[in-house]
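Engineer: Sequence and computational prediction follow.
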Amino acid sequence: MEFDVVVIGGGLAGLSCAIRLAEQGKRCGVVSAGQGALFFSSGSLDLLSRLPDGSPVTSPLEALGELSRQAPRHPYSLLGAQAVTALAREAQTLLARCDLSLFGRSAQNHWRVTPLGTRRATWLSPADIPVTELGQVLPWSKVLVAGIEGFLDFEPHLIAGSLATEQEIDAATAYVHLPALDPLRNNPSEFRAVNIARVLDIPENTRALAEELNRLAGDAECIILPACIGLDGPRPLEQLRAAVSRPVRLLPTLPPSLLGLRIFQALRQRLTRLGGVFMPGDRVLKAKFDGRRIAGVYTRSHADIMLRAQQVVLAGGSFFSNGLVADRDRIYEPVFGADVWSHADRGEWSRADFFAPQPYLQFGVKTDNDLRVLLDNEPVENLYAVGAVLGGYDPLQQGCGAGVSLISALHAAQRIALSLKETA
């Protein structure tokens, strides 16, 4: 099978890179081993929330100079502030072309309400969740936090308590009971956000939910629900809002996350509309080298049929998705044997304090300043690494995981497009 580009990994980084290349007429194949991190995410995308020393960041682009000083191996530092600024803007326009409605801008973070009812600074958030600019509070003095009876992945009382404490909002709680959900409720393992949404998205059940919310609302100025409606598109939520007498907002739940799943579906649909080939449930096992170049890769599903490509993108994620592997003695990248940032001493991989920054989160593939993968300290000519497989940053402590995925992906797409043009 022949491609201009093969992308290993079907998460935020891999899909974004493939989409940008497909928009330029390149034939892209994406090999995706399974569910990526988007299935487990809140749906909000971080650019940079904290510096490595723990200092909070309000204006991510203005903090890039200090980030480079504190973390010279961070992907943003490798690319430089000017490139990161331009690519952040490009990322927002790409997401808009995928029909994703997101609130936020790269110049300044905003507050989003978390599943605990607290506030967290972020870059982009789904338009359906409660958000404010930094320094502001939600515009409602009274809200109703409405859970679903028997749904354990959303705790209204905890959320209401946090809203009262942090934003001085009078937050009441209630539980919705809909007979249509009883078959799911009888099996706790099936009573999850995605399955609930499949039921609530049926128009007659959407109407029943609206009636129940109008009955429970009292004098609340806004209703906050778990994100359990609108699995395949915005229409069910639009119908609900039209039938409810006050604003309705959603909060993400425990995984699987409907808000994260929506982003994945939008990206995948954009790629396939552009002619990209998405290969789910497959895994790249090994690569064929031609000197310092990759001639192609072999996958589990295609057996001895090589996927040939002029350029290859490694977007397989970190330990979570086996893009990096840890055994008793070492950390390694399993497909290409790429050079990896890590500690030789296993005792230095983690900290005893669970809430402390964990060193292993900064482990990842080494690259040059163009994000070409290093092998024996030399770049592989046509192999780029993007997203969580990269080393040199802590996506959790620094609040930059999605930003690194998007910006590194678009940088790689830019470099690949230029290379393919030169060889055409």
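Structural biologist: Everything's here; your move.
Engineer: What's the separation between the closest residue to Leu95 other than its chain neighbours and Gly161?
Structural biologist: Leaving out its chain neighbours, the residue that sits closest to Leu95 by Cβ to Cβ, 6 or more residues apart in numbering is Leu102, at 6.0 Å. Every C-beta, even on glycine, is put in place using the N, C-alpha and C of the backbone. Between Leu102 and Gly161 the computed distance is 28 Å (Cβ to Cβ, to the nearest Å).
Engineer: Other residues contacting the helix or strand of the chain with the lowest mean pLDDT?
Structural biologist: Lowest by mean pLDDT, DSSP states H and E among the helices and strands of the chain is helix 182-185, with a mean of 88. Outside helix 182-185, the residues that touch it by Cβ atoms under 8 Å, 6 or more residues apart in numbering are Glu149, Gly150, Glu190, Phe191, Asn195, Ile196, Val199.
Engineer: try 10 Å this time
Structural biologist: 148-151, 177-179, 190-192, 195-196, 198-199 (Cβ atoms under 10 Å, 6 or more residues apart in numbering).
Engineer: Quick one: mark the members of these that sit in helices.
Structural biologist: Per DSSP state H, helices hold the following members of those: Asn195, Ile196, Arg198, Val199.
Engineer: so the last one makes contact with Ile229?
Structural biologist: Right, Val199. Yes - applying Cβ atoms under 10 Å, one finds Val199 in contact with Ile229, separated by 9.4 Å.
Engineer: Just list the residues touching Val373, thanks.
Structural biologist: By Cβ under 10 Å, 6+ apart, the contact set of Val373 is 294, 312-314, 333, 336-339, 365-367, 379-385, 389-390.
Engineer: typo on my end, it should be Val137
Structural biologist: Trp111, Arg119, Leu163, Glu166, Gln167, Glu168, Ile169.
Engineer: When you filter those residues down to buried only, what's left?
Structural biologist: Trp111, Arg119, Leu163, Gln167, Ile169 (16 or more other Cβ atoms under 10 Å).
Engineer: Dihedrals phi and psi, the first one?
Structural biologist: Just to be clear, that refers to Trp111. phi -90, psi 140 (degrees, to the nearest 10).
Engineer: cool, and Ala315?
Structural biologist: According to degrees, to the nearest 10, Ala315 has phi -130, psi 40.
Engineer: neighbours around it, how many?
Structural biologist: By other Cβ atoms under 10 Å, the residues close to Ala315 number 33.
Engineer: Same check on Thr165?
Structural biologist: When neighbours are counted by other Cβ under 10 Å, Thr165 comes out with 12.
Engineer: the helices in the stretch 301-424 of the chain, which residues?
Structural biologist: 401-423 (DSSP state H, counting those that start in this stretch).
Engineer: Endpoints of stretch 143-152, how far apart?
Structural biologist: Using Cα to Cα, to the nearest Å, the end-to-end distance of stretch 143-152 comes to 21 Å.
Engineer: And the average pLDDT for that stretch is what?
Structural biologist: When pLDDT is averaged over stretch 143-152, the result is 95.
Engineer: in that stretch, what counts as buried?
Structural biologist: So stretch 143-152, judged by 16+ other Cβ under 10 Å, has buried residues Val143, Leu144, Val145, Ala146, Gly147, Ile148, Phe151.
Engineer: Angles on the backbone of the fourth one, please.
Structural biologist: Dihedral pair for Ala146: phi -110, psi 110, per degrees, to the nearest 10.
Engineer: can you give me the end-to-end distance of stretch 303-317?
Structural biologist: End to end - Cα to Cα - stretch 303-317 spans 23 Å.
Engineer: what sits against Asp370?
Structural biologist: Going by Cβ under 10 Å, 6+ apart, Asp370 touches Leu78, Leu79, Pro379, Tyr384, His411, Ala412, Gln414, Arg415.
Engineer: thinking Ala402 is in contact with Gly36, fair?
Structural biologist: No - Ala402 lies out of contact with Gly36 (Cβ under 10 Å); the separation is 11.8 Å.
Engineer: Can you name the residues that contact Arg119?
Structural biologist: By Cβ under 10 Å, 6+ apart, Arg119 lies in contact with 110-113, 130-132, 134, 137-138, 162-163, 166-167.
Engineer: Take the ones in helices among the contacts of helix 182-185 and, keeping just the buried ones, write it as a ChimeraX select command.
Structural biologist: Command for ChimeraX that selects the buried part of the ones in helices among the contacts of helix 182-185, burial taken from 16+ other Cβ under 10 Å:
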select :195,196,199
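Engineer: Show me which of the ones in helices among the contacts of helix 182-185 is closest to Phe319.
Structural biologist: Asn195 (28.1 Å; Cβ to Cβ).
Engineer: okay, the closest one: pLDDT?
Structural biologist: pLDDT, read off for Asn195, is 94.
Engineer: ok, now Ala160?
Structural biologist: Looking at Ala160, its pLDDT is 97.
Engineer: What distance do you get for it to Leu144?
Structural biologist: Note on Ala160: its distance to Leu144, by Cβ to Cβ, is 9 Å.
Engineer: ok, now Gly104?
Structural biologist: Separation of Gly104 from Leu144 (Cβ to Cβ): 26 Å.
Engineer: so for the helix or strand Thr93 falls within, what's the average pLDDT?
Structural biologist: Assigned by DSSP states H and E, Thr93 belongs to helix 81-97. For helix 81-97, mean pLDDT is 98.
Engineer: what sits up against the helix or strand following it?
Structural biologist: Per DSSP H and E, the first helix or strand lying C-terminal to helix 81-97 is strand 102-103. Applying Cβ under 10 Å, 6+ apart, the external contacts of strand 102-103 come out as 43-45, 92, 95-96, 110, 112, 122-129, 131-133, 263.
Engineer: Sweet, I'm off.
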